[in-house]
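Student: Here's a sequence, model it:
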Amino acid sequence: MIVGTKVLAGLLHGAKKYLGEDAGAAFTYYEGFFAGQAAGENLSQLDHAAALTWIMRVLEARGYGTPIEVLSDPNGGRYRFEVGHLIECEVLSKYVTGRAKTSNFFRGMIAGALSTIEGGEWEVEEVERINDGSDKCAFEARRKGK
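Tutor: Down below sits the predicted model:
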């Protein structure tokens, strides 16, 4: 494991280890949320679809997950994000027991980006996990109240 991956594992797993499962998951989620908001603000001049695509391409280029596919509901208010080789799942796989949801940072990133790009509050649920045997991690995002 390279040093950068160990640092990332420490950041993602350390919060849960020292704060407890629920508080650690919340901490990691909000790290992602505020990063997603900042990314969305930087791309606010683009239309919604282009801004989301750019954010996901940047994450791919940085090796956070690849490929990342964004699927949207033509009626609005819903998205599905499918991610192969999500680094968050991979670095945390040795800490996972059972059907644990590990992608709190990425869920937060999606919710934060959507809150800035689309406006409003968003619920993001991890519905498929590499750590459960799927070939990808998948997340469904819904505007709260829809």
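Student: now the helices for this structure?
Tutor: Using DSSP state H, the helices found in the chain span residues 3-19, 21-42, 48-61, 87-92, 104-117.
Student: Could you look over those and pick the most buried one?
Tutor: Greatest average neighbour count among these goes to helix 104-117 (a mean of 25), per mean count of other C-beta atoms under 10 Å. C-beta here means a position set from N, CA and C on the backbone, and glycine is covered the same way.
Student: between that one and helix 21-42, what angle do the directions make?
Tutor: Angle, helix 104-117 to helix 21-42, by axes from the mean of the first three to the mean of the last three C-alpha atoms, to 10 degrees: 40 degrees.
Student: circling back: export the helices of the chain as CSV, with columns for mean pLDDT.
Tutor: Below are those laid out as CSV (pLDDT from 0 to 100):
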stretch, mean pLDDT
helix 3-19, 64
helix 21-42, 88
helix 48-61, 91
helix 87-92, 73
helix 104-117, 94
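Student: what about stretch 111-128, start to end distance?
Tutor: 17 Å (C-alpha to C-alpha, to the nearest Å).
Student: Could you list which residues are in contact with the most centrally placed residue in the chain?
Tutor: With distances taken as C-alpha atoms, centre = their mean, the residue of the chain nearest its centroid is Phe106 (1.5 Å). Neighbour list for Phe106: Gly32, Tyr64, Gly65, Val83, Leu86, Glu88, Cys137, Phe139 [criterion: C-beta atoms under 8 Å, 6 or more residues apart in numbering].
Student: Include distance to Gly112 when you put the residues you listed into CSV, please.
Tutor: Shown next, in CSV, are the contacts of Phe106 (distance: C-beta to C-beta, whole Å):
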residue, distance to Gly112
Gly32, 7
Tyr64, 15
Gly65, 16
Val83, 16
Leu86, 17
Glu88, 15
Cys137, 18
Phe139, 13
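Student: what sits against Leu52?
Tutor: Val70, Tyr79, Ala113, Leu114, Ile117.
Student: related to what we said a few turns ago, out of the helices of the chain, which comes closest to Asp132?
Tutor: helix 87-92 (9.5 Å; C-beta to C-beta).
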